[in-house]
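Undergrad: Below are the sequence and a predicted model for it; my questions follow.
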Protein chains: 2
Amino acid sequence: MVRTPRERMVLSAAQLVRIHGVGATGMRDVVAHAEAPRGSLQHYFPGGKDQLIAEAVTWAGDYAARRVARVAAKIEDPTPGKLFAAMAAQWRDEFTTTGFDAGCPLVATVADTAATSESLREAVGKAFEGWQRPVAATLEQLGVPQARAASLAVLVLSALEGAIVLARAHRDIAPLDTVVTELRPLLDGAVDHRRRRTSTVD
Amino acid sequence: MVRTPRERMVLSAAQLVRIHGVGATGMRDVVAHAEAPRGSLQHYFPGGKDQLIAEAVTWAGDYAARRVARVAAKIEDPTPGKLFAAMAAQWRDEFTTTGFDAGCPLVATVADTAATSESLREAVGKAFEGWQRPVAATLEQLGVPQARAASLAVLVLSALEGAIVLARAHRDIAPLDTVVTELRPLLDGAVDHRRRRTSTVD
DNA sequence: GGGCTACCATGACGGACGTCATGAAGGAGG
DNA sequence: CCTCCTTCATGACGTCCGTCATGGTAGCCC
């Protein structure tokens, strides 16, 4: 579990962006947070700040994607609604235990740089795509018809991201619970039971 | 429709925050964009940048709230689903005509300052609240039971904000259309037809 | 051992930022 | 006319930013 200084910097960048946004996250802050040597910046990230943030965004997207697969595997008697509830619960837990200081790094990066840096915008787009894919795949596996699964994955991501923003603004997890409550029947109602693929042997 | 320099500065701040985020929006940029005298900054906003951004956020919240009432009045044979579709359509139109450079100022402010400035965070919270209220009121007027209307308003705001972020990241309005398509039946299904209040005389 | 590469250290530079000090117009009221 | 107050103008200050230049260390390969 030891991480190279380079990895630590990418990881620290992601965490700092979650809290302060891209603009307010300095490279000096990143090396300090990562306990990495400052001289390594120009060595590992010759592309400068854009490259560092882009890698952080990409890492965050991969992390989110992995987490979907992981949480889906842990649900017993899974349904689409339960998947969404579990995804929201992860944020709920983080907010209640760690506080509301950190949000989603992808949202922060879009808000700060979508109009400025094409490369960063593209990195975020791919990160969202990579996150959406396992969500859609899981929905399909749970019996949602393929065409619908992609749409519902977009809805799930949108509602979750929006609820995170609302929760942070209010310093209250209620929006997360609300969207789960309202969306659950819709998601569970989208399964075509004849198509359902069970992961266990019948 | 002439605006005082002070108003112009607040308005320009809101617009610049939408594009560049709070951190990357400088006060000099604001006065330049507003074509306002730089010396007026310390006179009208002795609280500094925080005060300026806070007023911009508050203005944006009021603007969004007014727009809900306005768009709701223009829908013929309105339903909850149509309200949401109309709200999303406003963003759709802006993205297609003006491009994806500008997002929602409330989201940008939360992402940049939720962990840093308590006053700004609070301003955004109230702005969201002031936006949510007319949405819930309109839903109730369209026949949604009161308790449900508040929840659905949260869902509407969350899904819309999230879809805006996704649309900007992908430079594609598809997410907006997707959430509308998926959410419309849910919203229209929430009306209790016995409670519906018609605006015209029966 | 010599040379090459990967990695780290440190200081400087030019620019932009938010803020403040100081002062000048310009109209209102006495 | 003089005074007060609102409004605007301008320059400076200190700080922080991203980037770069330069040089040092450590280890591997020939």
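TA: In hand now; what should we look at? Numbers count the residues shown, from 1 in each chain, chains lettered A, B, ... in the order given.

Undergrad: Model confidence for A:Arg195, exactly?
TA: In the prediction, the pLDDT value recorded for A:Arg195 is 62.

Undergrad: The helix or strand of chain A with the lowest mean pLDDT - contacts with which helices or strands?
TA: Using mean pLDDT, DSSP states H and E, helix A:40-44 stands out as the lowest-scoring helix or strand of chain A, at a mean of 88. Counting contacts by 3 or more Cβ pairs under 8 Å, 6 or more residues apart in numbering or on different chains; DSSP states H and E, helix A:40-44 is packed against helix A:5-20, helix A:27-34. Quick note: C-beta positions are derived from backbone N, CA and C, even for glycine.

Undergrad: So for B:Ala114, which of these sits nearest?
TA: Of all these, it is helix A:5-20 that lies closest to B:Ala114, at 8.4 Å by Cβ to Cβ.

Undergrad: Could you see whether DNA strand C lies near that closest one?
TA: Yes - where contact is defined by Cβ under 7 Å from any atom of the strand, part of helix A:5-20 touches DNA strand C, namely A:Pro5.

Undergrad: Report the secondary structure state of A:Lys3.
TA: Not quite, residue A:3 is Arg, not Lys. Classification of A:Arg3 using DSSP: H, G, I helix; E, B strand; the rest coil returns coil.

Undergrad: which ones are touching it?
TA: Shown in contact with A:Arg3 (Cβ atoms under 8 Å, 6 or more residues apart in numbering or on different chains): A:Leu11.

Undergrad: could you measure it against A:Gln90, distance?
TA: Distance of A:Arg3 to A:Gln90, given as Cβ to Cβ, to the nearest Å: 22 Å.

Undergrad: thinking again about what came up before, just say which of the helices and strands packed on helix A:40-44 is most tucked in.
TA: Mean neighbours per residue, mean count of other Cβ atoms under 10 Å in any protein chain shown, is largest over the helices and strands packed on helix A:40-44 for helix A:5-20, with a mean of 21.

Undergrad: Just want the most central residue of chain A.
TA: Nearest to the mean C-alpha position of chain A, counting by Cα atoms, centre = their mean, stands A:Ala64 at 4.1 Å.

Undergrad: Let's verify that residue: helix, strand, or coil?
TA: Under three-state DSSP, A:Ala64 comes out as helix.

Undergrad: ok, for it, nearest residue in space, not its chain neighbours?
TA: A:Trp131 (4.4 Å; Cβ to Cβ, 6 or more residues apart in numbering or on different chains).

Undergrad: just for chain A, where's the confidence low?
TA: Across chain A, the ranges flagged by pLDDT under 70 are A:1-2, A:195-202.

Undergrad: Do you have the strands of it handy? List them.
TA: With DSSP state E applied, chain A shows no strands anywhere along its length.

Undergrad: all helices of it, in order?
TA: Along chain A, the segments classed as helices by DSSP state H run A:5-20, A:27-34, A:40-44, A:49-74, A:80-98, A:105-113, A:118-141, A:146-170, A:174-188.

Undergrad: hey, which of those is tucked in deepest?
TA: Ranked by mean neighbours (mean count of other Cβ under 10 Å), the helices of chain A are led by helix A:105-113, with a mean of 30.

Undergrad: any residue of that one up close to chain B?
TA: Yes - contact of helix A:105-113 with chain B is found when judged by Cβ under 8 Å from any Cβ of the partner chain, involving A:Leu106, A:Val107, A:Ala108, A:Val110, A:Ala111, A:Asp112, A:Thr113.

Undergrad: Would you mind naming what in chain A lies close to DNA strand C?
TA: For chain A, the residues in contact with DNA strand C (Cβ under 7 Å from any atom of the strand) are A:Pro5, A:Ala36, A:Pro37, A:Arg38, A:Gly39, A:Ser40, A:Gln42, A:His43, A:Tyr44.

Undergrad: tell me the contacts of the residue nearest to the centre of chain A?
TA: A:Leu106, A:Ala127, A:Gly130, A:Trp131.

Undergrad: Stretch A:101-117 and DNA strand D, any residue contact?
TA: No - remark: stretch A:101-117 sits outside contact range of DNA strand D, by Cβ under 7 Å from any atom of the strand, the gap being at least 10.4 Å.

Undergrad: first to last residue in that stretch, what's the distance?
TA: End-to-end distance for stretch A:101-117, by Cα to Cα, to the nearest Å: 25 Å.
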